[in-house]
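Visitor: Next input, structure requested:
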Amino acid sequence: MATASFRPCGDYKTDYRSDTTIFPTRWSRIFCILGVLVLCAAPQFLSGYHLTLLIQIGYYAIAALGLNILVGFTGQISLGHSAFFGLGAFATAWIHSQGVPVFFSIPLAGLMTTAVGMIFGLPAARLKGLYLAIATLASQFILQDF
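Guide: Below you'll find the model as predicted:
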């Protein structure tokens, strides 16, 4: 006869300070710093193709992290996440085509996307579950026609 073992799964923290640490160990901090240094040196050693590929991996990773915060931590489903991702990319390209340098067009596009996100987000802030999924799907179709 097998007995169940009721041990909690996961890594549970007992105080606020240990729960909010970004780097739980010294080695994780060292690896993160080394990773940032390697990424900063990448344009010196990579070809144009590989650098483009690395940039694409980077912005898709940022989009995936944003979706992970919404779905993974809050449990809410967003069907319009890609619309805001695309709006940010479109706004960056449009602002840059107006003659603004890329260094300034990316933050300006972020502000534009934030403003549009607030227009959709404030009414949807009280929704959850299926209703939030429908509201974000509606934002997807509205922004798709923009």
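
Visitor: Report the separation between Phe73 and Ala64.
Guide: From Phe73 over to Ala64 the distance is 13 Å, taken as Cβ to Cβ, to the nearest Å. In short, each C-beta sits where N, CA and C put it, glycine included.

Visitor: Neighbour count for those two, which is higher?
Guide: Applying other Cβ atoms under 10 Å to Phe73 and Ala64 shows that Ala64 carries more neighbours, namely 12 against 8.

Visitor: what comes up buried for the host helix or strand of that one?
Guide: Per DSSP states H and E, Ala64 falls inside helix 48-67. Going by neighbour count (16 or more other Cβ atoms under 10 Å), the buried part of helix 48-67 is Ala63.

Visitor: Just give the closest residue to the residue sitting nearest the centre point of the chain, not the sequence neighbours.
Guide: Central residue of the chain (Cα atoms, centre = their mean): Gly66, 2.6 Å from the mean position. Excluding the flanking residues, the one nearest Gly66 by Cβ to Cβ, 6 or more residues apart in numbering is His81, at 6.9 Å.

Visitor: Where does pLDDT dip in the chain?
Guide: Residue ranges of the chain with pLDDT under 70: 1-11.

Visitor: Next secondary structure after the biggest helix by length in it?
Guide: Secondary structure of the chain per DSSP state H: the longest helix is helix 102-124. Using DSSP H and E, the next helix or strand after helix 102-124 towards the C-terminus is helix 130-144.

Visitor: Can you give me the domain assignment for the protein?
Guide: The record's domain split for the chain, according to automatic domain parsing, is 24-74, 76-146.

Visitor: could you redo those as CSV and give each row distance to Tyr12?
Guide: Formatted as CSV, these follow (distance: least, Cβ to Cβ, whole Å):
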stretch, distance to Tyr12
domain 24-74, 13
domain 76-146, 23
